[in-house]
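Engineer: no FASTA, just this:
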DNA sequence: GTTTACCCTATAGAATATATAGGATAAAGA
DNA sequence: TCTTTATCCTATATATTCTATAGGGTAAAC
């Protein structure tokens, strides 16, 4: 399941991407329009800022804005920040690899084999979609 | 993330599929060979029996065995029983559909749009792989 | 200097996943 | 029939993660 964090984060990004200009948008505006808890959204936007997706401005007229252009924001990067690994098991993860404790040999593991295919297919989708592509 | 339940269930299925004959295999044997908690595995096998994947036999010489042939066991079906929805959000699920509470209109939702693609790609993998295909 | 709005950490509450306990039931074989 | 074997079943404990809230701090604008 997609976490709410990811869902809300994606919604906030698309909300910002669909603005006419790139002026700062306040948290409260995004929260209201997308039906998100304001404080929860705040922590999500904060992590998107720290990872280089968003810029922010304090004080009156402040808010968050996109740093890159929507067509430069690739879904793989967004998903890894918000959701974590794209792979469903750590042993097939490119960016979050971990050996399975219970598996003596992952080469001969059916779960590993299947999940490798699932990861590749998901990766293909995320790689070929930017924020601009998913604006509907 | 793939739940342990699914992981263990898949491992048990492949263990059974790789038997020479289709005689009942005891829980304890599977549990030891695949490093799974015996009692936890028990509840997983039980649910696989109730959903028509496994048969069981009580008493001495008893155990679990596959009901269908490995090449007739499609991963979509297995995954839906063990893991639940294949979709990452209920609003794009074929078998577990639910409307998002926070979304006024899913047609104009970017998350919906993206996750539809992810679901389709995952579905393609699961549909084209049977238990026989993932034996390595 | 007052208002506005982001910044930051800690933690509480809820949900889910994982595992365990303890006995009931049925089959097989002596 | 009696004993052993092994599945059947329900309830509950434990751990982890997710989601959200609380409460104040900091910087910018006017």
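Structural biologist: Good, I have the coordinates. Everything numeric here is computed off the predicted structure, so don't read it as measured data.

Engineer: residue ranges of the strands in chain A, please?
Structural biologist: Along chain A, the segments classed as strands by DSSP state E run A:54-57, A:63-66.

Engineer: Quick one: mean pLDDT over the first one.
Structural biologist: When the per-residue pLDDT values of strand A:54-57 are averaged, the result is 96.

Engineer: who in chain A is up against DNA strand D?
Structural biologist: Contact residues (Cβ under 7 Å from any atom of the strand) of chain A with DNA strand D: A:3-5, A:8, A:37, A:39-40, A:42-43, A:57-62, A:84. No exception for glycine: its C-beta is placed from N, CA and C like everyone else's.

Engineer: Now with 6 Å, please.
Structural biologist: Within chain A, the positions adjacent to DNA strand D are A:3-5, A:37, A:39-40, A:43, A:58-61 by Cβ under 6 Å from any atom of the strand.

Engineer: hang on, the earlier thing: who wins for proximity to chain B among the strands of chain A?
Structural biologist: Closest to chain B of the strands of chain A is strand A:63-66 (Cβ to the nearest Cβ; 14.1 Å).

Engineer: Tell me where the longest helix sits in chain A.
Structural biologist: helix A:110-127 (DSSP state H).

Engineer: What are the neighbouring residues in contact with the closest residue to residue A:103 other than its chain neighbours?
Structural biologist: Spatially, and ignoring its direct neighbours in sequence, residue A:103 is nearest to residue A:109 (5.3 Å; Cβ to Cβ, 6 or more residues apart in numbering or on different chains). Counting by Cβ atoms under 8 Å, 6 or more residues apart in numbering or on different chains, residue A:109 touches A:91, A:100, A:103, B:11, B:136.

Engineer: Tell me which stretches of chain A form helices.
Structural biologist: Ranges of helices in chain A, per DSSP H, are A:4-17, A:27-34, A:38-50, A:75-82, A:110-127.

Engineer: Quick check: which of these is buried the most?
Structural biologist: Highest mean neighbour count among the helices of chain A (mean count of other Cβ atoms under 10 Å in any protein chain shown): helix A:4-17, with a mean of 22.

Engineer: Near chain B, which residues of chain A are found?
Structural biologist: Proximity of chain A to chain B is confined to A:1-2, A:7, A:10-11, A:14, A:34-36, A:75, A:85, A:88-89, A:102-103, A:107-111, A:113-115, A:117-118, A:121-122, A:124-126, A:129, A:134-136 under the rule Cβ under 8 Å from any Cβ of the partner chain.

Engineer: do that again at 6 Å, thanks
Structural biologist: In this structure, chain A approaches chain B at residues A:2, A:7, A:10, A:14, A:35, A:88-89, A:102, A:108, A:110-111, A:113-114, A:117-118, A:121-122, A:125, A:134, A:136, judged by Cβ under 6 Å from any Cβ of the partner chain.

Engineer: give me the low-pLDDT residue ranges for chain A?
Structural biologist: Scanning chain A for pLDDT under 70 picks out no residues.

Engineer: near DNA strand C, which residues of it show up?
Structural biologist: A:26-27, A:42-43, A:46, A:49, A:56, A:58-60, A:62-64.

Engineer: State the pair within these that is farthest apart.
Structural biologist: The distance between the two most remote of these (Cβ to Cβ) is 22.4 Å, for A:43 and A:60.

Engineer: before we move on, the earlier item: okay, the contacts of residue A:109 in a markdown table with distance to residue A:19 next?
Structural biologist: Formatted as a markdown table, these follow (distance: Cβ to Cβ, whole Å):
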| residue | distance to residue A:19 |
| --- | --- |
| A:91 | 41 |
| A:100 | 44 |
| A:103 | 47 |
| B:11 | 49 |
| B:136 | 50 |
